[in-house]
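Undergrad: What would the 3D arrangement of this be:
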Amino acid sequence: MLVLIGAFLVLMVVGVPVAISMFVASGLYLLIYGVAPDIIIAQRMMAGVESFPLLAVPFFILAGNLMNVAGVTGRIYAFAVALVGWMKGGLAQVNIIGSVIFSGMSGTALADAAGIGTIEIKAMKDHGYPVEAAVGVTAASATLGPIFPPSLPFVIYGMMANVSIGALFMAGIIPGVVMTVLMMITVAIFAYRKGWGSDTPFEMRRLLSASLEILVVALFPISVYVLVHLGLSLNLSVLIALAALVALDWKFDFSAVMALMTPVILIGGMTMGWFTPTEAAVAAVIWSLFLGLVRYRTMTFRTLAKASFDTIETTASVLFIVTAASVFAWLLTVSQAAQAMSDLILSITDNPWVFLILVNILLLIVGCFLDTIAAITIVVPILLPIALRLGIDPVHFGLILTLNLMIGLLHPPLGMVLFVLSRVAKLSVERTTMAILPWLVPLFLALLVITFFPIVTLWLPTQMGLIQ
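TA: Numbering: from 1, shown residues only. The predicted structure is shown next:
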């Protein structure tokens with residue numbers, strides 16, 4: 001066990017990529033101890049990706065890329081400006097609202113940072129905000145992507161922990177709202193202390209227009225409910241409401257109604273049993289194609305090809321990490337590292353709250369060094385059995401795990417959001433890190449709320465009957 005972990009850490013320290021480090025460490029362990037034939041590496045690699053839920057990964061990535069090339073990102077930004085741009089620190093508030101909406105389409109922090117984050121940083125710099133402020137709020141808001149449904153980390157965790165992915169999606173909604181409110185309060189405090197003003201004049205017409213778009217989206221499920229109670233079938237009711245919505249959007253050319261409808265369609269479809277979370281990813285792709293090719297007609301063969309190749313590249317890197325982590329995690333199990341860790345932690349405490357504090361500390365450290373997908377694949381087999389023994393709900397534990405690892409994306413040495421924003425803003429990694437530090441405060445507050453108030457995560461999936 002020590003050889004396996006030691007080899008992995010040494011390779012990481014000298015700069016070998018995470019996936020390669022896990023592969024090499026696993027190979028060395030098998031070579032030295034001969035616990036299994038060499039062919040086990042190939043077998044575990046195949047077993048690691050031979051999963052129906054994992055099909056959601058490429059489709060959610062593709063949906064986010066298609067939304068970017070279809071110009072939906074710009075429409076989301078315009079909608080957010082109309083809604084909150086008149087507030088003090090307006091574009092910083094826009095940054096957060098835009099990330100909330102975009103998270104309902106992409107499911108990844110990197111897509112958020114590289115997609116709408118690019119537009120937001122440029123706009124904030126053009127309006128005179130310090131580049132550090134633009135980078136900090138963009139980094140913090142990017143963590144919303146994997147918390148609001150859909151979420152790629154939830155897909156990976158649900159597969160590893162054998163937990164309902166639909167329940168995880170529902171569990172992320174209220175924590176996402178808590179994070180959004182805390183970030184917006186932080187922006188208000190910064191605006192007051194640094195004298196940030198509004199970035200667009202207050203216009204009642206624009207505010208009412210943005211509010212009307214929210215109302216139109218909210219009327220969709222209400223109209224379905226009314227039509228069903230009038231005696232129509234559920235399928236026909238949804239079809240009529242959707243046709244009416246598309247007609248209204250076509251006539252009035254709303255900025256973000258169709259984008260706002262994305263999470264409604266995905267969550268509604270899963271709630272009504274039309275599709276599983278994996279099939280919801282396919283539905284997101286179909287909806288993205290409809291917007292780009294039919295509704296907005298902004299998607300060309302060239303941009304479609306670019307989105308497809310970007311998806312192939314990202315999916316390959318994610319699944320490569322999953323395969324490497326599967327071999328590594330299997331060897332940790334075979335070497336009884338999980339049992340040793342369990343015995344160690346339970347010898348320290350059998351109090352679930354103390355355990356969650358230790359888990360938070362451990363994951364914040366792990367998140368600084370490991371890719372999110374690799375970290376989930378490695379730590380879930382070790383920590384989840386302990387959590388279950390202590391009576392901690394696996395859905396609640398999944399939210400804690402994911403948020404910790406999202407915060408880890410903002411830290412060196414391997415925080416991917418950190419490097420993406422450093423490149424986008426043309427700042428050094430050191431200056432980018434310092435810019436992000438103040439924005440960790442609302443994230444840590446949200447982490448404390450989610451950790452010590454399980455009802456925040458469990459109330460909604462319980463009400464919907466997804467967990468008992």
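Undergrad: can you give me the offset of stretch 200-207 from its chain's centre?
TA: A distance of 31 Å separates the centroid of the chain from that of stretch 200-207, by CA atoms, centre = their mean, to the nearest Å.
Undergrad: go on, stretch 446-462?
TA: On CA atoms, centre = their mean, the centre of stretch 446-462 falls 17 Å from that of its chain.
Undergrad: who touches it?
TA: 164, 166-168, 170-175, 178-179, 182, 353, 356-357, 360, 393, 395-396, 399-400, 403-404, 407, 467-468 (CB atoms under 8 Å, 6 or more residues apart in numbering). Glycine gets a C-beta too; all of them are placed from N, C-alpha and C.
Undergrad: now do 6 Å
TA: 167, 170-171, 173-175, 178-179, 182, 356, 396, 399-400, 403, 467 (CB atoms under 6 Å, 6 or more residues apart in numbering).
Undergrad: so how far does it reach from one end to the other?
TA: Counting by CA to CA, to the nearest Å, you get 21 Å between the two ends of stretch 446-462.
Undergrad: and that stretch, which residues are buried?
TA: Across stretch 446-462, burial judged by 16 or more other CB atoms under 10 Å covers 446-447, 449-451, 454, 456-458, 460-462.
Undergrad: can these go into JSON lines with extra columns for distance to A387 and secondary structure?
TA: Conversion of those to JSON lines gives the following (distance: CB to CB, whole Å; DSSP: H, G, I helix; E, B strand; the rest coil):
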{"residue": "A446", "distance to A387": "20", "secondary structure": "helix"}
{"residue": "L447", "distance to A387": "16", "secondary structure": "helix"}
{"residue": "V449", "distance to A387": "18", "secondary structure": "helix"}
{"residue": "I450", "distance to A387": "14", "secondary structure": "helix"}
{"residue": "T451", "distance to A387": "12", "secondary structure": "helix"}
{"residue": "P454", "distance to A387": "12", "secondary structure": "coil"}
{"residue": "V456", "distance to A387": "17", "secondary structure": "helix"}
{"residue": "T457", "distance to A387": "13", "secondary structure": "helix"}
{"residue": "L458", "distance to A387": "14", "secondary structure": "helix"}
{"residue": "L460", "distance to A387": "20", "secondary structure": "helix"}
{"residue": "P461", "distance to A387": "17", "secondary structure": "helix"}
{"residue": "T462", "distance to A387": "18", "secondary structure": "helix"}
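Undergrad: buried ones in the biggest helix by length in the chain?
TA: Assignment by DSSP state H gives helix 301-334 as the longest helix of the chain. If you call a residue buried by 16+ other CB under 10 Å, then helix 301-334 has these buried ones: 303-304, 307, 310-311, 314-315, 318-332, 334.
Undergrad: Read off the pLDDT value for V3.
TA: At V3, the model reports a pLDDT of 66.
Undergrad: Ignore what I typed, I meant V181.
TA: Here the pLDDT value assigned to V181 is 91.
Undergrad: after the helix or strand harbouring it comes which helix or strand?
TA: Secondary structure assignment for V181, by DSSP states H and E: helix 173-194. Later in the chain than helix 173-194, the nearest helix or strand by DSSP H and E is helix 204-229.
Undergrad: Which secondary structure elements does that next one sit against?
TA: Packing partners of helix 204-229 (3 or more CB pairs under 6 Å, 6 or more residues apart in numbering; DSSP states H and E): helix 72-84, helix 234-252, helix 257-271.
Undergrad: Give me the distance between W439 and G145.
TA: 15 Å (CB to CB, to the nearest Å).
Undergrad: Tell me which of those two has more neighbours.
TA: The residue with more neighbours, out of W439 and G145, is G145; 32 against 22, by other CB atoms under 10 Å.
Undergrad: Within the helices and strands, which one has that one?
TA: Going by DSSP H and E, G145 is not in any helix or strand.
Undergrad: Quick check: it vs L418, distance?
TA: 15 Å.
Undergrad: Could you do L331 as well?
TA: Counting by CB to CB, the gap from L331 to L418 is 30 Å.
Undergrad: Check I222 too.
TA: From I222 to L418 the distance is 42 Å (CB to CB).
Undergrad: For those two, indicate the residue with more neighbours.
TA: Neighbours were counted for I222 and for L418 using other CB under 10 Å; L418 has more, 24 against 11.
Undergrad: ok, now which ones touch that one?
TA: L418 neighbours (CB under 6 Å, 6+ apart): 410, 432.
Undergrad: The closest residue to D310 other than its chain neighbours: which element?
TA: Nearest residue to D310, sequence neighbours excluded (CB to CB, 6 or more residues apart in numbering): N65, at 5.1 Å. Here N65 is covered by helix 56-69, with elements defined by DSSP H and E.
Undergrad: elements contacting that helix?
TA: Counting contacts by 3+ CB pairs under 6 Å, 6+ apart, helix 56-69 packs against helix 90-106, helix 152-161, helix 277-289, helix 301-334.
Undergrad: The third one: how far from the chain's middle?
TA: Pointing back at helix 277-289 there. Per CA atoms, centre = their mean, the centroid offset for helix 277-289 relative to its chain is 16 Å.
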